[in-house]
Structures are given as C-alpha cells and as structure tokens.
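**Q** Prediction below, plus the sequence it came from.
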Protein chains: 2
Amino acid sequence: MDFSSKYLEKAVLEISGLPGIGRKTALRLALHLLRQDGSEVEALAESLVDLKQKVKRCTSCGNLSDLDLCEICSSTSRDRSLVCVVEDIRDVMAIENTGQYKGIYQVLGTLISPMDGIGPSDLNLQSLIDKATAGEVAEVILALSGTMEGETTGFYVYKKLKDYSLKMSSIARGIAVGDQLEYTDELTLARSIQHRLPYEQSLQQNRS
Amino acid sequence: MDFSSKYLEKAVLEISGLPGIGRKTALRLALHLLRQDGSEVEALAESLVDLKQKVKRCTSCGNLSDLDLCEICSSTSRDRSLVCVVEDIRDVMAIENTGQYKGIYQVLGTLISPMDGIGPSDLNLQSLIDKATAGEVAEVILALSGTMEGETTGFYVYKKLKDYSLKMSSIARGIAVGDQLEYTDELTLARSIQHRLPYEQSLQQNRS
C-alpha cells in the first residue's frame, strides 16, 4: 500500500500494531478518526497516555488500580482470609459480576506458557505466599482457565502453597448451566462425570 | 462491567467508540497497551493526533495529503485531462496499485445515501466541475462501487457533467478474473452478458 500522506501511513502503522488489527482495518479506523472532531481524537489519544501513565498494579493483589491498594483489597467488607487466584483483571471483573464472591483476589497477570517464554517467575505470586507465611490465608480458590496453561499454572501455585495450613480448591469444571449435553466436548463431559456431585448437593446448588 | 481503575474505564470507553470495536475487544486492546512500553503508547497517541491535525484534503482532487496539492495532482507525468471519479482514498490506493492508470482522480469523499442523510451537496465534486468548465477535462471515468449508493452517485455525477464536451465512461462490471461462473450472483452475471465484448476485443484485454 502506498499512502498519499505520511501521517496517515504512520497512524495506520501504529494502529495495525495492535493485536487482531490488520492494515485494512487500521486504515478504516484512521479514516474514521479523520472524520471525527479534533477534540474527540485528542480525547482518545489522551486516554491512551493516561492509561499507561496512571494505571498501576495493586501492591497487595496485583489487580489494576488507580491507587496503591485496589478497591477490593482496601474494602473492610471483604473476607481477607479467602483468596481467589485468577489470571487477569478480566477474570476479576467476571467473578465480581456474579456478586457471589466476598473474598479477595490474587491476580497472577499471566499463565505459565513455555511456548511463549513465560515461566513461573513471571507470575505475580509472591504477595500471596507472603500472606500465607503470615498466616493470613484460610482458603485459596484456583479460578484459572481450563487450558493446558491454566492447569500447569494451577499445579504450580498448588505446589508452592501446599505446605501451608490452608484449604485449596479449584473452581468446578463441567457442563455450563443451560448447555446441551450432545454439544459438550468429550474431555469436559468425562470430567463432569468424574467429579459428579451427590444429587441432593446438586439440587442445593441449583436452588442457591 | 465495573472497572477497578477509572483510567482503564475511560480508555475502554474511548476505544470502543471506534467502529467495529466492542467493549470486550476494547478491554483486550487496553490491556495490551498496558503491557507495552510507555514510549510505544505515546507514539500511538501522537500518531492519532498528528493524523487529525496534519492530514488535509488535496485542494484539487480531494485526496488525503500532507500538502495542499497531493502527489498525484502535482506530478508532471500524469495526464490531467483524464479524471477518475472515486469514493475515497482506499479506491485511489487500489487503482494506483494496478499501475495501469496515468490520469488524475476526483475523490468524492462519500456516496449519496439518503438513508444516512448524505445528499449530493456532500460530494466533493465542485473542483471537477470547475475543471470541466475550464475545458481541462477530456474524459471522466466513473469508478464507484457496484452498490445502490454507487450507482445513484454515478448517475448524479453523469447528470452534472453530461453537457460538457467530454467522454464519460464507467468501469466494467462483470465476473472477476479467476472467478467461477456458478458462484457469481445473478445480477452480475446478467450484466456481464448484457455488456458482452466482441471476442477479439476480450482476447486483447486478457493479453494486455
């Protein structure tokens, strides 16, 4: 592609550096921005700079926050002895949206993935180990993706914490509520049979 | 979605204002930017502001340019009596990429679309009419999309220019080179039969 404007070319190059955005989409977005008011484009640009400069990680859990301590960690209504281990802020948001969880989080920031060169030392786990050492943690819930990376990471966290006197659990894998059995993949189905619940207990779950 | 950082929320809101980008994608892009160096994010933001502030429309043809006159209009090797009418810069780039066209362009900027409130007065057409009035134009080629909006706009441009002594043509509609007949839509097929070429002429086309 030959551009008639080098500023347009630069913008398309920068935008197409974003994940999942190719050059055609980048050009479409750039042309869209050209049709907007200057103030709107400046607001977008400023929000990106602010994002990078002002958002930090909570020193306690690693979640994204504007302050040193995130809202969840600084809340007095949270059970600080219950820690849910997740990959990133999207998982925190998903669990918060259920309105069911009243503990705090440990946001690892990534999952172990040797293929991508991400090892155990890249996990934000030390602050949880420190809390466990201080005897502040009663239960850890692993809420990681059901992928190979999620399972590997879960096992690593388990190994690091198993010698402390705390309960460890993993969120249930199974068939989603409302899902049809015939469209479920075999591994999930096999697991959900393996980890079957006493019927009375499953009734209670459905009721709650 | 409840965000733990208002700067993150602001950035997601701004990014999801772009066409074709929803809130989930916007969040993914924002998290990607958070993982980048500050200098990279600033380069992106700066390129967007530059795009809006420095790119202008060529005063002659309406194409995007860094100067008052775009490279094509200011080139001495171009045939200024041959004008190709297109919708936007992407069409200019597509035609330039064929390497076959040596005339200049008239970039309308949009197509007539009453549904979107875009009328004939929104077209960047006056500079072409001025050129025609000055007798500078020998031929006008309409290269607009094969959509209803494209055809309507083409007919409007034709009406505006038909009283000047100049040739007017439209790019051929038909079956794409390499396309299979059975997968071509009926309208295109009907048109390509209607506008069939003498065989000798089609042979010459294929050879060139």
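**A** Thanks, I have it. Just so it is clear, the structure is predicted and the values come from calculations on it, not from any experiment. Numbers count the residues shown, from 1 in each chain, chains lettered A, B, ... in the order given.

**Q** Next up, the contacts around A:Leu69.
**A** Residues near A:Leu69 by CB atoms under 8 Å, 6 or more residues apart in numbering or on different chains: A:Cys58, A:Thr59, A:Ser60. Heads up, the C-betas are built off the backbone N, CA and C, glycines and all.

**Q** Number of residues surrounding the nearest residue to the first one once chain neighbours are set aside?
**A** By the measure of CB to CB, 6 or more residues apart in numbering or on different chains, the closest residue to A:Cys58 outside its immediate chain neighbours is A:Cys70, 3.7 Å from it. Under the neighbour criterion other CB atoms under 10 Å in any protein chain shown, A:Cys70 is assigned a count of 26.

**Q** Tell me which residue is most central in chain A.
**A** For chain A, the residue nearest the mean C-alpha position is A:Asp88 (2.3 Å; CA atoms, centre = their mean).

**Q** That residue contacts A:Val107, correct?
**A** Yes. The criterion here is CB atoms under 8 Å, and A:Asp88 meets it with A:Val107 at 6.2 Å.

**Q** Taking the contacts of A:Leu69, please make a ChimeraX selection of just the buried ones.
**A** Selecting only the buried entries of the contacts of A:Leu69 in ChimeraX, with 16 or more other CB atoms under 10 Å in any protein chain shown as the criterion:
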select /A:58,60
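
**Q** can you give me the strands in chain A?
**A** Counting by DSSP state E, chain A has strands at residues A:56-57, A:64-65, A:79-86, A:103-107, A:139-142, A:167-170.

**Q** Quick one: the helices in chain A, in order.
**A** Assigned by DSSP state H, chain A shows helices spanning A:6-15, A:23-35, A:38-54, A:71-74, A:89-98, A:126-133, A:148-161, A:186-194, A:199-207.

**Q** could you say what helices and strands the fourth one packs with?
**A** In terms of contact count using 3 or more CB pairs under 8 Å, 6 or more residues apart in numbering or on different chains; DSSP states H and E, helix A:71-74 is assigned the packing partners strand A:103-107.

**Q** Now do the strand it packs on: which elements does it pack against?
**A** helix A:71-74, strand A:79-86, helix A:89-98, strand A:139-142.

**Q** and that strand with helix A:126-133, angle?
**A** 140 degrees (axes from the mean of the first three to the mean of the last three CA atoms, to 10 degrees).

**Q** Show the average pLDDT along strand A:103-107.
**A** Here strand A:103-107 scores 95 as its mean pLDDT.

**Q** Quick one, grab the pLDDT at the residue nearest to A:Gly150 when sequence neighbours are not counted.
**A** Spatial nearest neighbour of A:Gly150, chain neighbours left out: A:Leu144 (3.8 Å); criterion: CB to CB, 6+ apart. At A:Leu144, the model reports a pLDDT of 89.

**Q** Distance of A:Leu29 relative to chain B?
**A** According to CB to the nearest CB, to the nearest Å, A:Leu29 stands 5 Å off from chain B.

**Q** so that residue makes contact with A:Ile21?
**A** Yes. Counting by CB under 8 Å, A:Ile21 is a contact partner of A:Leu29 at 7.5 Å.

**Q** Identify the contacts common to these two.
**A** A:Ile15.

**Q** A:Tyr101 against A:Ile95, yeah?
**A** Yes. The pair A:Tyr101 / A:Ile95 is scored as a contact, 5.3 Å apart, by CB under 8 Å.

**Q** Common neighbours of those two, please.
**A** What both A:Tyr101 and A:Ile95 touch, as defined by CB under 8 Å, 6+ apart, is the set A:Cys84.

**Q** for chain A, what are the low-confidence residue spans?
**A** Applying pLDDT under 70 to chain A picks out residues A:1, A:203-208.

**Q** Residue ranges of each domain in it, please.
**A** A:6-54, A:75-171 (automatic domain parsing).

**Q** how about these, which one is nearest B:Met115?
**A** Of all the domains of chain A, domain A:6-54 sits nearest to B:Met115, with 17.6 Å by CB to CB.

**Q** Off-centre distance for that closest one?
**A** Distance of domain A:6-54 from its chain centroid, counting by CA atoms, centre = their mean, to the nearest Å, is 26 Å.

**Q** One more: stretch A:157-165?
**A** Put simply, stretch A:157-165 sits 21 Å off its chain's centre (CA atoms, centre = their mean).

**Q** Mind listing residues that contact that stretch?
**A** Contacts to stretch A:157-165, defined as CB under 8 Å, 6+ apart, come from residues A:Val85, A:Leu108, A:Leu123, A:Leu125, A:Leu128, A:Ile129, A:Ala132, A:Thr133, A:Val137, A:Val140, A:Leu142, A:Met168.

**Q** Any idea how far apart the tips of it sit?
**A** 14 Å (CA to CA, to the nearest Å).

**Q** before we move on, back to that, backbone dihedrals for the residue nearest to the centre of chain A, please?
**A** Torsion angles at A:Asp88 (phi, psi; degrees, to the nearest 10) stand at phi -150, psi -180.

**Q** Give the full set of residues in contact with it.
**A** Neighbouring residues of A:Asp88 by CB under 8 Å, 6+ apart: A:Val107, A:Leu108, A:Gly109, A:Thr110, B:Leu31.

**Q** Among the contacts of stretch A:157-165, which pair sits farthest apart?
**A** A:Thr133 and A:Leu142 (18.9 Å).
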